[in-house]
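Enquirer: Structure of the sequence below:
(one chain, ligands or ions: 2)
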Amino acid sequence: MAQDINWFPGHMRKALNDTSDKLKLVDLVYETCDARIPFSSRNPELSKIIGDKKRIVILNKSDLADPNETNKWVDKLRSEGSAAVALEAVDKKSISKLTDITMDLMKETLDKAASKGRTGRPVRVMVVGVPNTGKSTLINSLAGKKAAVTGDRPGVTRQPKWIPTGGRLELMDMPGVLWPKLGTRKSQVILAATGAVKAEVTDMVEVAYDAANLLWDMYPSLMEERYGNYDDISDPYDRFLLMGKKKGCIMSGGRVDEERFARLLIDDLKSGRIGRITFEKAKV
Ligand SMILES: Nc1nc2c(ncn2[C@@H]2O[C@H](COP(=O)(O)OP(=O)(O)OP(=O)(O)O)[C@@H](O)[C@H]2O)c(=O)[nH]1
Ligand SMILES: [Mg+2]
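Expert: Ligands and ions are numbered 1, 2, ... in the order given. Coordinates of the predicted model:
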């Protein structure tokens, strides 16, 4: 990318401050990340704020991620001492794993409260993470109703909001937050390609081009199946243009419509049409 992506609007700074203020109100934190980018979608500023508070790292959108890599990531996080679980926030069945881990982590606290006569005490959870990783979707699945606003773009939740589930959990939906410097160029590209960064602040063509090149290296068969075979093309930019042509993204005059193809590729990533992919491998 020619220029660094810098998307840190005022509401994100405020949300970080809110996280710090409201942390004392909760028993534990769910930190969602995107299972396709388990390293780059974890916000170091948030981690600092959460500190030693009990936390469960949730690798969400695991339906879109490479299952072998997801398993490795969960193992790695657990071996480092973090409670971690892979989920599809949209799928109620996968959610029960999270409730089990939550109750396990809370057992001692709840037993202590019960011994003092406080039974049925609610477990208060703050749900944090980078934008568009499925925090509000997860809350709705846990609550069994559409109580939080969701959307397929980043920056949907703007204010902290308490949502009771009707069961043992009370959840606080938080706005997704990034941080001022989004790490390496690869981190920036994959955060943008997976939808954590608003499309308007990125160069979509550069993001799609870089993401496509990463995927050709990591998942050549999936890419070939979706976009065609380019074994005889040595230049990645020529390959990108030919992919666009094959997908019918042509302007009048016959030139490839790079922007249209970039949008198509990013949309393919969002819907999983390329297949299950993980941009970052767990180093175990
Ligand atoms: N494929 C897939 N999509 C998901 C999953 N969870 C959430 N989504 C989609 O991801 C998009 C973002 O979901 P939200 O719940 O609004 O994300 P959020 O983390 O609350 O986003 P912000 O409020 O903007 O920070 C929506 O289009 C959801 O349908 C999942 O497990 N799998
Ligand atoms: Mg939200």
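Enquirer: Sketch out the strands for the protein, chain order is fine.
Expert: Listed in chain order, the strands of the chain (DSSP state E) span 28-34, 55-60, 83-86, 123-129, 161-164, 169-173.
Enquirer: other SSEs contacting the fourth one?
Expert: I take that to be strand 123-129. Other helices and strands packing on strand 123-129, by 3 or more C-beta pairs under 8 Å, 6 or more residues apart in numbering; DSSP states H and E, are helix 10-22, strand 28-34, helix 44-50, helix 92-115, helix 135-143, strand 169-173. Every residue, glycine included, has its C-beta placed from N, CA and C.
Enquirer: Quick one: closest of these to L242.
Expert: strand 28-34 (28.9 Å; C-beta to C-beta).
Enquirer: For the chain, name the helix or strand with the lowest mean pLDDT.
Expert: helix 92-115 (a mean of 92; mean pLDDT, DSSP states H and E).
Enquirer: how far is that one from where the chain is centred?
Expert: How far helix 92-115 lies from its chain's middle: 24 Å, per C-alpha atoms, centre = their mean, to the nearest Å.
Enquirer: quick one on the thing from earlier: right, and the helices and strands packed on strand 123-129 - which one's nearest G248?
Expert: strand 28-34 (29.0 Å).
Enquirer: partners of that closest one, with directions?
Expert: strand 55-60 (parallel), strand 123-129 (parallel) (DSSP bridges).
Enquirer: related to what we said a few turns ago, looking at the helices and strands packed on strand 123-129, which is closest to P67?
Expert: helix 92-115 (12.5 Å).
Enquirer: low pLDDT regions in the chain?
Expert: For the chain, the stretches flagged by pLDDT under 70 are 1-2.
Enquirer: Which one of the residues in it is closest to ligand 1?
Expert: Closest contact between the chain and ligand 1, by C-beta to the nearest ligand atom, is at G176 (2.3 Å).
Enquirer: That residue: what's it in contact with?
Expert: 12, 15, 129-133, 135, 154-157, 196 (C-beta atoms under 8 Å, 6 or more residues apart in numbering).
Enquirer: Recalculate using a threshold of 7 Å.
Expert: 129-133, 135, 154-155, 157 (C-beta atoms under 7 Å, 6 or more residues apart in numbering).
Enquirer: near ligand 2, from these?
Expert: 135, 157 (C-beta under 5 Å from the ion).
Enquirer: Inside helices: which ones of the contacts of G176?
Expert: With helices taken from DSSP state H, the overlap with the contacts of G176 comprises K135.
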